[in-house]
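**Student:** The following block contains a protein sequence and its predicted model.
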Amino acid sequence: MKSRKDINWIVFNEKNKIPKQIKDFFQAAENGEIEIANPDEEFNTTDVVTKPNLPFRQLRLLEKKNELWRMVYIQGGIGKSYQFYEFKIQGDTISDVKKGYSFENIGTNDSLEYYIIKGKLKFEKVRLKYKWID
């Protein structure tokens, strides 16, 4: 049974359901497409690359409520962490971007809400570099 907090959230949890606006955001933020594995797929969890063709991220949560989208993924590398993003999407426009991270296991909206309330999710400023095209 879903908790009261989850009732209005629609959970997708598949990388092919990531909206174009979010993909465009990562294209701008990282100068490339977001490479991410689905929740049940392998990925490189450490900085030791054991499988060169696999991404360093694994999707843990992708959900939507009205115009608000949330995405959590595990980031592999030197230290494994859970990366959190929240976006407001209206038509083709993305705004109100929030970014955070945690070392806690975040895989559901309930766990995400819990760690936000407990202060275990550290928020960062989102910085984008724009390249002007003439």
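**Tutor:** Looks like it came in fine. Numbers count the residues shown, from 1 in each chain.

**Student:** can you pull out the helices in the chain?
**Tutor:** 20-30, 109-117 (DSSP state H).

**Student:** Same list, those helices, but as a markdown table with distance to Ile74 and mean pLDDT please.
**Tutor:** Just so you know, the C-beta spots here come from the backbone N, C-alpha and C atoms, and that holds for glycine as well. A markdown table is the format used below for the helices of the chain (distance: least, Cβ to Cβ, whole Å; pLDDT from 0 to 100):
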| stretch | distance to Ile74 | mean pLDDT |
| --- | --- | --- |
| helix 20-30 | 16 | 88 |
| helix 109-117 | 13 | 91 |
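
**Student:** Throw the ones you listed into TSV and include distance to Val49, thanks.
**Tutor:** Formatted as TSV, the helices of the chain follow (distance: least, Cβ to Cβ, whole Å):
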stretch	distance to Val49
helix 20-30	18
helix 109-117	29
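
**Student:** The helix or strand of the chain with the lowest mean pLDDT pairs with which strands?
**Tutor:** Least confident helix or strand of the chain, by mean pLDDT, DSSP states H and E, is strand 122-124 with a mean of 85. Partners of strand 122-124 in the sheet, by DSSP bridges, are strand 93-102 (antiparallel).

**Student:** between the partner strand and helix 20-30, how many degrees?
**Tutor:** Counting by axes from the mean of the first three to the mean of the last three Cα atoms, to 10 degrees, strand 93-102 points 60 degrees away from the direction of helix 20-30.

**Student:** Next one: Gly100 from Tyr115, what distance?
**Tutor:** 9 Å (Cβ to Cβ, to the nearest Å).

**Student:** For these two, list the residues in contact with both.
**Tutor:** Shared contacts of Gly100 and Tyr115, defined by Cβ atoms under 8 Å, 6 or more residues apart in numbering, comprise Leu121.

**Student:** returning to what we had before: kindly reformat the helices of the chain as JSON lines containing distance to Leu54 and mean neighbour count.
**Tutor:** Shown next, in JSON lines, are the helices of the chain (distance: least, Cβ to Cβ, whole Å; neighbours: other Cβ atoms under 10 Å):
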{"stretch": "helix 20-30", "distance to Leu54": "17", "mean neighbour count": "15"}
{"stretch": "helix 109-117", "distance to Leu54": "25", "mean neighbour count": "17"}
